[in-house]
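**Student:** predicted model, plus sequence, below.
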4 protein chains.
Amino acid sequence: MPSTQRYGAGIWHFATYVDRYATDGYGDPRSVIDAIDLAGQVRDLSVVDLNYPFFGGSFTNEQVKEALDRNNLGVIGITPEIYTREFAKGAFTNPDPGVRRHAHELISEAADVVRYFGADYVKLWPGQDGWDYPFQVDHGALWKNSLDGVGLLASENPDLKFVIEYKPREPRVHMSFDSVSRTLLGIERIGLPNVGILLDFGHALFGGESPADSAQLAIDYGRLFGMDVNDNLRQWDDDMVAGTVHPIELFEFFYTLRKNNWEGVWQLDQFPFREDSVEAANHAIDFLKAADRGLDKLDFAAVQAAQDRHDALGALALAQQALFSSYE
Amino acid sequence: MPSTQRYGAGIWHFATYVDRYATDGYGDPRSVIDAIDLAGQVRDLSVVDLNYPFFGGSFTNEQVKEALDRNNLGVIGITPEIYTREFAKGAFTNPDPGVRRHAHELISEAADVVRYFGADYVKLWPGQDGWDYPFQVDHGALWKNSLDGVGLLASENPDLKFVIEYKPREPRVHMSFDSVSRTLLGIERIGLPNVGILLDFGHALFGGESPADSAQLAIDYGRLFGMDVNDNLRQWDDDMVAGTVHPIELFEFFYTLRKNNWEGVWQLDQFPFREDSVEAANHAIDFLKAADRGLDKLDFAAVQAAQDRHDALGALALAQQALFSSYE
Amino acid sequence: MPSTQRYGAGIWHFATYVDRYATDGYGDPRSVIDAIDLAGQVRDLSVVDLNYPFFGGSFTNEQVKEALDRNNLGVIGITPEIYTREFAKGAFTNPDPGVRRHAHELISEAADVVRYFGADYVKLWPGQDGWDYPFQVDHGALWKNSLDGVGLLASENPDLKFVIEYKPREPRVHMSFDSVSRTLLGIERIGLPNVGILLDFGHALFGGESPADSAQLAIDYGRLFGMDVNDNLRQWDDDMVAGTVHPIELFEFFYTLRKNNWEGVWQLDQFPFREDSVEAANHAIDFLKAADRGLDKLDFAAVQAAQDRHDALGALALAQQALFSSYE
Amino acid sequence: MPSTQRYGAGIWHFATYVDRYATDGYGDPRSVIDAIDLAGQVRDLSVVDLNYPFFGGSFTNEQVKEALDRNNLGVIGITPEIYTREFAKGAFTNPDPGVRRHAHELISEAADVVRYFGADYVKLWPGQDGWDYPFQVDHGALWKNSLDGVGLLASENPDLKFVIEYKPREPRVHMSFDSVSRTLLGIERIGLPNVGILLDFGHALFGGESPADSAQLAIDYGRLFGMDVNDNLRQWDDDMVAGTVHPIELFEFFYTLRKNNWEGVWQLDQFPFREDSVEAANHAIDFLKAADRGLDKLDFAAVQAAQDRHDALGALALAQQALFSSYE
């Protein structure tokens, strides 16, 4: 039986980037339409996550839809850009209430775009919400603002899902939604059914988590609404190509999803600064397919039995064999 | 008005240590009685936390009490040793139910010692509960066992407090109670009033947290039952002398406690492998007293106003001035 | 006797920044002239390091000099921008020999700018020279190209000094000149007298070095040609305000310089993304002046005696007292 | 043609361990003889590295040799224990000259043991030589003592090789021989032909190095005298089973060795605290054999061509395919 696993990617995977050094960019700017046309060249991509506002020009929903259609791509989520200049000191937690209101408006617009495209969720990545220095913020007030901001959106839009993508840091030295546990704690406090987690494999690694454990925890709270993968050296959000550094932990992550019958899209969140973006996506998806086949081959009962003994080497022998032999 | 701040220390501060290299120890072994007599030499120590069983010999509660009395020391907590050989694969989460039962018994005995000494809490530091390798454990089952183990104790001993001291890792490559958020999440799930957090400043730093933020969060959940301090390089639980590397963040930590009217003991959790333990305690307490005086001097309203603007440099200027000028 | 210590800053301290998220920048763009006029507002700044080409417009050396003169600023170094788009896969080590040649030409032009301004050195920060992935490069060839590139410049310009500023990583996942030792090893291999190190305090911290040790090592090789300071959390090149996180190690760094009679400029390399740049410079220089006064007060012989015993607490007591009591 | 690759292990792989928590040890103590008999049970082990003095009792060289012979094991190196209690403040750099002399005597005895067994080298791992606190040591003097200590031994024993195994830290907060570059810098300064590096894969990873790059650099200086492998999470010297976390970088490490025709023993330096030590060695060697076969299969010219373009994904596709398909 052929796999029915679907693959997705953040559309920024196909953009070009700037950073604080290469301020002229790692390539010529691309519009969202250019990026969609590149995404369409990837061998097995079904859906994309779109930044909002659409980048690289003034595009209507219809124009974007047309580009998606011609590339056979659907939309899984919309990511409002609440981390640009205006929000440099925070979106939900900005000290200026006017900026907080504007963040709310922008995300509300993004909610309408979700409705237009029939996407699964609004993705919230409040990367500028946090702090840089000791003594900079009143931590209690900051956290309260984080939760109030998300909670208001979720209560105003009960027909939609909101997913929070946590990350330890960058661009802030410390980000408020920094870990799976902190985010779940906040979500439980908000207490609404339509707020969940978008679990980024690399963010979990970077935060010292076991991504498999993070997935299990989010699932056990009924809050794993989405996920994406990439790789890094555990010290920064390098957004490298999935499977190139940590194949075994990535396999454990997928193992956990399947074991729990979690059947969502496997997405990519990669930043190929110096690589061809189509090749980078294909390279990752080749690995993901190997992982998918490896799971078909893996003896789940035997893994469980080894885990029941905390028998690391017994479980690993099964996992390494199943994964490696599935790579073509 | 003289400060009424009280200081404490884990009695292991005055022990000697082994590690995997200096297996012959960083000094001659000391009994708990030796350690108490050293603790008594520190200039301003009111209470100690005692490991249970008492180390270095067979001592009755009465013998230990006598040693404490002659040194004018009280007992703040009892730390059952649930991280020795028997528990190498976990105490609450050991794959062997017999070992889990034994952990329960040992901690139950420690609870009686808490009662004997009129101490504040049983301290749980399940340092061997966690995992080392990908695929080693069933993460859901492991976490459930962690919570069940603590919950049973708390429900059986409603007259006592249990505090969980989290840490990212060591001796396990990953420890189950790894962060303030994970621990609060677990405590909320347990749902009993007598389970709280013992917040170790260095563990928070090591885990990439802001210790001040961690304290505020635990306080906001009504779960900050105790704390201790030390220092490290943020990459390991070095248990160095408090104030020698991160004086400003340590000051922010104490600032947060005072702002919230948290009035417990300021404890030391240091491991002076190669230093004189009395001198190491005195050196740290000298810094803590400077921090205490610095808080008296600090303009809390001005700090709050700066924080309301997220004005890091404004708040820091006040804090640096108050702290540094208070060191004698 | 008033201190004769001079202070400097990279002119980028007064620019605005972009990163991969806030692609619209953390403020309106500023030209080098704008930045110089801001630098002139800092209370005690004598010299600046200038990026080349001059940013924010087309400016002649004469125009830049005029701006510097009206602000009483001299030039300590010129930093050719060998880390922009063209050099995304490296300057000295680019796989394309044409790009390597262009890097050479750009740096040669920068050398002429050094001559024009009578600056101390050409500063080389080959931040794009390195690798991201396992298997990406031939490590032997990459390192050879690094040394050949620097060596050629140094041999062609014997009248000038070239300083290499090493850093562990960013923007590459790994940078070739990654540490003080690697850089010294390379400089010794080049074997020319006019190549040295620009030691960035934060890069040393980030790399797990003790900056004081790094300074001593570079001095012992006669290669400490320049330095700058900032602060971070040891995990990334945060370029925060000096003295706000690691005051004691910063003081040890300055202690090492004075002990060795190293009498250069104390420079700032800070990136105040969200702070006022003049205030950020003033805040840091206030700390640096406290350190300078603290060194006047410190009993060097007593510190040396404690160090001869490896007596950490004895030496720290002297250092903490001297530093903290000098902050005004 | 069957592989002629030989495998080895530090004999401590088969010992039991203590740490600062499980002071009663992770198992019953074993003598060196017990450990040798366990090593003999590993499927493909040819040589071991022996701690000196022999642990777990009083054994003559002859008794040890007899145990080795009956297990068909040779000796590759002798590791004098210069990191026990006496050397807690350093071996080569101890502030007490009497301790430095004793370190010299102990290593000189170890040199005789090398001669007795016809081993390849004396292995120096000065894990206690370094510092813990800012201001603790005179960095110049410390480094000079490190080099003088090694240099004296090498000059007194020109018939033997001495290998230095560097590591960033542990048990000291910072170890003097902390990186491949620092160690090479020191070795070049010593200037003797019989001092080289024992490159530990995990120490390189832990130090933020690319182990492949470290190997290439040491080879280019003619100083790669030995190596061993294991795995970790890049944040500590976890000494986990090789290939379980970083298979691809481990493969790149072996690729670099073969490309340079480096034909020494592939050794294990693992600490199976909670695992069966024979199983842990077998598990690792199974992976090492897969890597060996993978190298046979790998198209070195194609990898080189990709690397000449800095084509990460091209090179990785070849490497992943060759490695994974070789695991049985």
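**Tutor:** Perfect, I can see it now.
**Student:** neighbours of the residue in the stretch 51-200 of chain A that chain D sits nearest to, how many?
**Tutor:** The stretch 51-200 of chain A approaches chain D most closely through A:P168 (13.6 Å), counting by CB to the nearest CB. C-beta here means a position set from N, CA and C on the backbone, and glycine is covered the same way. For A:P168, the tally of surrounding residues (other CB atoms under 10 Å in any protein chain shown) stands at 25.
**Student:** A:R189 contacts A:S146, correct?
**Tutor:** No. Using CB atoms under 8 Å, A:R189 is not in contact with A:S146, being 10.0 Å away.
**Student:** higher neighbour count, these two?
**Tutor:** Shown here are A:R189 and A:S146; by other CB under 10 Å, A:S146 has more neighbours (26 against 15).
**Student:** surely the more buried one is within a helix?
**Tutor:** Yes. Assigned with DSSP: H, G, I helix; E, B strand; the rest coil, A:S146 falls within a helix.
**Student:** now do it against A:V137, distance only.
**Tutor:** The gap separating A:S146 from A:V137 is 11 Å, by CB to CB, to the nearest Å.
**Student:** give the intersection of the neighbour lists for these two.
**Tutor:** Residues within reach of A:S146 and of A:V137 at once, by CB atoms under 8 Å, 6 or more residues apart in numbering or on different chains, are A:T93.
**Student:** how about the residues of chain A by chain C?
**Tutor:** By CB under 8 Å from any CB of the partner chain, the residues of chain A that approach chain C are A:17-27, A:83-85, A:88-89, A:127-128, A:132-134, A:169-171, A:173, A:233, A:235-236, A:238, A:240-241, A:244-245, A:271, A:273-274.
**Student:** and these, which are buried?
**Tutor:** Among those, those buried by neighbour count (16 or more other CB atoms under 10 Å in any protein chain shown) are A:17-23, A:25-27, A:83-85, A:88-89, A:127-128, A:132-134, A:169-171, A:173, A:233, A:235-236, A:238, A:240-241, A:244-245, A:271, A:273-274.
**Student:** from these, which are also near chain B?
**Tutor:** Among those, the residues within reach of chain B (CB under 8 Å from any CB) are A:K89, A:D132, A:Y133, A:P134, A:R169.
**Student:** residues making contact with stretch A:204-217?
**Tutor:** For stretch A:204-217, the external contacting residues (CB under 8 Å, 6+ apart) are A:166-168, A:178-181, A:184, A:199, A:201, A:224, A:227, A:231-232, A:234-237, A:246, A:249-250, A:252-253, A:255-257, A:260, A:262, B:131, B:134, B:139-140, B:143, B:168-169, B:174, B:178, B:207-208, D:235.
**Student:** and those residues, which are buried?
**Tutor:** The buried subset of the contacts of stretch A:204-217 (16+ other CB under 10 Å) comprises A:166-168, A:178-181, A:184, A:199, A:201, A:224, A:227, A:231-232, A:234-237, A:246, A:249-250, A:252-253, A:255-257, B:131, B:134, B:139-140, B:143, B:168-169, B:174, B:178, B:207-208, D:235.
**Student:** what does the stretch 151-300 of chain A have sitting close to chain B?
**Tutor:** Taking CB under 8 Å from any CB as the contact definition, the stretch 151-300 of chain A meets chain B at A:168-169, A:174, A:178-179, A:181-182, A:184-185, A:188, A:207-210, A:212-213, A:216-217, A:220, A:248-249, A:251-252, A:255-256.
**Student:** again, only using 7 Å
**Tutor:** Residues of the stretch 151-300 of chain A that fall close to chain B, judged by CB under 7 Å from any CB of the partner chain: A:168, A:174, A:179, A:181-182, A:184-185, A:207-208, A:210, A:212-213, A:216-217, A:220, A:248-249, A:252.
**Student:** gap between the two ends of stretch A:169-180?
**Tutor:** 13 Å (CA to CA, to the nearest Å).
**Student:** which other residues reach it?
**Tutor:** Stretch A:169-180 is contacted from outside by A:93, A:126-132, A:142-143, A:146, A:164, A:166-168, A:183, A:186, A:197, A:199, A:204, A:207, A:209, A:214, A:217-218, A:237, B:179, B:181, B:210, C:19, C:21-22, C:233, C:238, using CB atoms under 7 Å, 6 or more residues apart in numbering or on different chains.
**Student:** so where's chain A shaky on pLDDT?
**Tutor:** For chain A, the stretches flagged by pLDDT under 70 are A:1.
**Student:** what's the nearest residue to A:G186 if we skip its chain neighbours?
**Tutor:** Counting by CB to CB, 6 or more residues apart in numbering or on different chains, A:G186 lies nearest to A:L147, which is 5.2 Å off, once chain neighbours are set aside.
**Student:** can you check A:P158 too?
**Tutor:** Counting by CB to CB, 6+ apart, the residue nearest A:P158 is A:N194, at 6.2 Å.
**Student:** quick one: that neighbour and A:K167, what's the gap?
**Tutor:** Taking CB to CB, one finds A:N194 at 22 Å from A:K167.
**Student:** same thing with A:S3?
**Tutor:** With CB to CB as the criterion, A:S3 and A:K167 are 30 Å apart.
**Student:** swap in A:H139?
**Tutor:** For A:H139, the distance to A:K167 (CB to CB) stands at 18 Å.
**Student:** before we move on, what about A:L152?
**Tutor:** 22 Å.
**Student:** inside helices: which ones of the ones next to chain B among the buried ones among the residues of chain A next to chain C?
**Tutor:** The members of these all map outside helices under DSSP state H.
**Student:** among those, which pair sits farthest apart?
**Tutor:** The distance between the two most remote of these (CB to CB) is 16.5 Å, for A:K89 and A:P134.
**Student:** the stretch 51-200 of chain A: strands as residue ranges?
**Tutor:** A:74-80, A:121-124, A:130-131, A:161-164, A:174-175, A:195-200 (DSSP state E, counting those that start in this stretch).
**Student:** I'd like those strands as CSV, with distance to A:A319 appended.
**Tutor:** Converted to CSV, the strands of the stretch 51-200 of chain A look like this (distance: least, CB to CB, whole Å):
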stretch, distance to A:A319
strand A:74-80, 28
strand A:121-124, 31
strand A:130-131, 36
strand A:161-164, 28
strand A:174-175, 32
strand A:195-200, 20
